[in-house]
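A.B. asks: build the 3D model from these lines:
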Amino acid sequence: MNPAPAPDTEMTPVSALRIRPADSVATCLTDAAAGDRVMVDGIEIVLVDAVPRGHKFALAAIGRGDTVVKYGFPIGVATADIAAGAHVHSHNLATALSGADDYHYAPRDSAPPAPPIATRRFAGYRRADGRVGTRNEIWILPTVGCVGNLAARVARIADERHGGRVDGVHAFKHPFGCSQLGDDLGHTRGLLAALAQHPNAGGVLIVGLGCESNQLGALLDMIPPERRASIRTLSAQAVEDDVAAALTLVDELVDIAGATTRSDVPLSALTLGVKCGGSDGLSGLTANPLVGRMADAVAGAGGKVILTEIPEIFGAEQMLMDRAVSHAVFDETVTLVRSFKDYFIRHGEPVSENPSPGNIAGGITTLEEKSLGAVQKGGQVPVVDVRPYGGEAVLPGLTLLEAPGNDAVSSTALTAAGATMILFTTGRGTPLGFPAPTLKIASNHALAERKAGWIDFDAGQVLTEGFDAASEALLDLIAATASGAETRAEANEERDIAIWKSGVTL
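C.D. replies: Residues are numbered from 1 along each chain as shown. Next up, the predicted model:
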């Protein structure tokens, strides 16, 4: 399986679109009724069913048992005879995925054309170890859920006290850190240790209770000594006035972080996390390939890009494997994908237990279809590394990160891996925000207009203005956001984390 290129650079306003010449279906760009005549590649198709925006219809008759093709690749098998012009969806199309796989190492014969180097620069915060942050904030991380509200109370007081000296004081509550064992406890500890080292945090206060499983000392042992200068810890049970003690430590951290100012840096200093959530049938036509161009631009400039949601690449994983820079990286990618398939199978679930109800309502029928659209967020960037959950992306290029598809869990993992900005595409909309500034990119005009309080960028313009114009506009927004411009989620105080719970609770 060879990588699919992004859709054609320029598109004219049409009511339906076939993405690849080999496709047996096209996607409606507007709601269509039975009897409507739709032009696709100069051929008129009469719809025999109503087809909502983002949904598919057959370009020619498809027999029961035949493979249905979109993006130039199979997206499932027809479960009934399908007439030309008929709606193709869950009533007549099913996944062909199973737990079996047969991956092969087939690296590209030649590298893809190098993307033009983006000339954008931004004003970032240089850290002592050379990394660059897009924010200069104080983060308060509770080791355990018992002190989550304490952390939040301290953050509110400190943010009011130090307004303007830093970019904000934020607490990130979670319900874990106690009654956990083994790898499950390790996930929690490793994730928090990674967040404590994030370049967007000019100072970090780690607040423990004292009796929890996730002990402060064990967590600190996971942080290199050279990164602890701007980290403080507090055991709440060990002091009489926990709020006062915490505020004193935050005051120290503000003094440290407040001495750092923004400076001009190249786009290569950015670490970009790419994510999709609440996708629809247009996500793989507009928002995801547009984000793929951003990945190409950042990696082409020498920056880092992180892709996760591993269960949501099933059916398209060979495309990423073909971009592995070495046999070792290919092997690590295979191991990562198979571990997630085994994770589903161990719990008695099919590996194809996706898409979500919202995805289906938006026109996505099978996991293959969802995955082929989702992997486009990684552009054409070579896969240089595979990192475990809680691990840090360290190499320029595309890093695959172990994490499930859940929006909050995977976006938190992207942040912990060092993403200093997240590009989050959506066709249905979501208000969620995460510790790193998160730009919400709508796949369609209607969502961008209806939920203007959630959405930062309208990728629906790809269909009217073309990819080139949309790419320039989104690159400008990325540079502005990296320089301090507030995202919608930040303005709405949507800043949360979620930790992957993978084991028993005592």
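A.B. asks: Thr481 - that's part of a strand, no?
C.D. replies: No. Per DSSP: H, G, I helix; E, B strand; the rest coil, Thr481 lies outside any strand segment and is helix.
A.B. asks: grab the nearest non-local neighbour of Cys211.
C.D. replies: The shortest distance from Cys211 to any non-neighbouring residue, by CB to CB, 6 or more residues apart in numbering, is to Gln237 (6.8 Å). For every residue, glycine as well, the C-beta is placed using N, CA and C.
A.B. asks: ok, now Gly503?
C.D. replies: Take Gly503 and drop its neighbours on the chain: the residue closest to it by CB to CB, 6+ apart is Asp184, 2.8 Å away.
A.B. asks: so which bits of the strand or helix carrying the one you found are buried?
C.D. replies: Assigned by DSSP states H and E, Asp184 falls within helix 182-195. Neighbour-count burial for helix 182-195, with 16 or more other CB atoms under 10 Å as criterion, is recorded at Asp184, Leu185, Gly186, His187, Thr188, Arg189, Gly190, Leu191, Leu192, Ala193, Ala194, Leu195.
A.B. asks: roughly how far apart are the residue nearest to Gly503 and Leu474?
C.D. replies: Separation of Asp184 from Leu474 (CB to CB, to the nearest Å): 38 Å.
A.B. asks: Ala295 now?
C.D. replies: Separation of Ala295 from Leu474 (CB to CB) stands at 11 Å.
A.B. asks: ok so, going back, report the contact partners of the residue nearest to Cys211.
C.D. replies: By CB atoms under 8 Å, 6 or more residues apart in numbering, Gln237 lies in contact with Leu209, Gly210, Cys211.
A.B. asks: if you set the cut-off to 10 Å instead, what comes out?
C.D. replies: Contact analysis of Gln237 by CB atoms under 10 Å, 6 or more residues apart in numbering lists Cys146, Val147, Gly208, Leu209, Gly210, Cys211, Glu212.
A.B. asks: tell me which entries of these lie within strands.
C.D. replies: Gly208 (DSSP state E).
A.B. asks: out of the contacts of Gln237, the closest to Gln180 would be?
C.D. replies: Gln180 has its nearest neighbour among those in Glu212, at 9.2 Å by CB to CB.
A.B. asks: now do the same for that closest one: its pLDDT.
C.D. replies: Here the pLDDT value assigned to Glu212 is 97.
A.B. asks: now do His347
C.D. replies: Note on His347: pLDDT of 84.
A.B. asks: what's the spacing between it and Pro311?
C.D. replies: Here His347 is placed at a distance of 12 Å from Pro311 (CB to CB).
A.B. asks: find the residues that touch each one of these two.
C.D. replies: Both His347 and Pro311 are contacted by Glu353, under the criterion CB under 10 Å, 6+ apart.
A.B. asks: hang on, the earlier thing: tell me if the residue nearest to Cys211 really is in a strand.
C.D. replies: No. With three-state DSSP as the criterion, Gln237 is helix rather than part of a strand.
A.B. asks: next, show the common contact partners of Ala295 and Leu474.
C.D. replies: Joint contacts of Ala295 and Leu474 (CB under 10 Å, 6+ apart) are Leu423.
A.B. asks: where exactly do the helices run in this protein?
C.D. replies: 148-161, 182-195, 216-220, 242-257, 287-300, 317-321, 327-346, 357-361, 367-374, 407-416, 445-450, 462-465, 467-482, 488-491 (DSSP state H).
A.B. asks: between those, which one is closest to Gly99.
C.D. replies: Comparing the helices of the chain by CB to CB, helix 327-346 comes nearest, at 5.4 Å.
A.B. asks: for that closest one, packing partners?
C.D. replies: Packing contacts for helix 327-346, counted by 3 or more CB pairs under 10 Å, 6 or more residues apart in numbering; DSSP states H and E, involve helix 317-321, strand 383-387, strand 397-401.
A.B. asks: with respect to burial, which of the ones you listed scores highest?
C.D. replies: Most buried of these by mean neighbour count (mean count of other CB atoms under 10 Å) is strand 397-401; its value is a mean of 26.
A.B. asks: do you know how far Asn492 is from Asp41?
C.D. replies: 42 Å.
A.B. asks: what of Tyr343?
C.D. replies: Counting by CB to CB, the separation of Tyr343 from Asp41 is 41 Å.
A.B. asks: before we move on, what about Ala459?
C.D. replies: 23 Å.
A.B. asks: pLDDT score assigned to Gly503?
C.D. replies: For Gly503, pLDDT reads 84.
A.B. asks: that one: neighbouring residues, count only.
C.D. replies: 15 (other CB atoms under 10 Å).
A.B. asks: that one reaches Ser213, doesn't it?
C.D. replies: No. Applying CB atoms under 10 Å, one finds Gly503 not in contact with Ser213, separated by 11.5 Å.
A.B. asks: overlap in contacts of those two?
C.D. replies: Common neighbours of Gly503 and Ser213 (CB under 10 Å, 6+ apart) are Gln180, Leu181, Asp184, Leu185, Thr188.
A.B. asks: tell me how many other residues surround the first one.
C.D. replies: Just to be clear, that refers to Gln180. By other CB under 10 Å, 24 other residues sit near Gln180.
A.B. asks: for the nearest residue to it once chain neighbours are set aside, what are its contacts?
C.D. replies: In this structure, Gln180 finds its nearest non-sequential neighbour in Ser213, 5.4 Å apart by CB to CB, 6+ apart. Residues in contact with Ser213, defined by CB under 10 Å, 6+ apart, are 143-144, 176-181, 184-185, 188-189, 506.
A.B. asks: how about Ser213, phi and psi?
C.D. replies: phi -60, psi -40 (degrees, to the nearest 10).
A.B. asks: domains for the protein, by residue range?
C.D. replies: 16-94, 137-259, 266-491 (automatic domain parsing).
A.B. asks: mean confidence score for the first one?
C.D. replies: In other words, domain 16-94. Mean predicted lDDT for domain 16-94 stands at 95.
A.B. asks: pLDDT of stretch 369-382, averaged?
C.D. replies: Computed over stretch 369-382, the mean pLDDT rounds to 96.
A.B. asks: C-alpha coordinates for that stretch, PDB please?
C.D. replies: Listed in PDB are the C-alpha atoms of stretch 369-382, where the atom choice follows Å, rounded to 0.1, in the frame of the first residue of the first chain:
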ATOM      1  CA  GLU A 369     -12.600   5.100   6.000                       C
ATOM      2  CA  LYS A 370     -12.000   7.000   9.300                       C
ATOM      3  CA  SER A 371      -8.300   5.900   9.400                       C
ATOM      4  CA  LEU A 372      -7.600   6.800   5.800                       C
ATOM      5  CA  GLY A 373      -8.900  10.300   6.500                       C
ATOM      6  CA  ALA A 374      -7.200  10.600   9.900                       C
ATOM      7  CA  VAL A 375      -3.600   9.700   8.900                       C
ATOM      8  CA  GLN A 376      -3.600  12.600   6.500                       C
ATOM      9  CA  LYS A 377      -2.900  14.800   9.500                       C
ATOM     10  CA  GLY A 378       0.700  13.600   9.400                       C
ATOM     11  CA  GLY A 379       1.100  14.900   5.900                       C
ATOM     12  CA  GLN A 380       4.000  13.200   4.000                       C
ATOM     13  CA  VAL A 381       6.500  13.500   6.900                       C
ATOM     14  CA  PRO A 382       8.900  10.600   7.400                       C
END
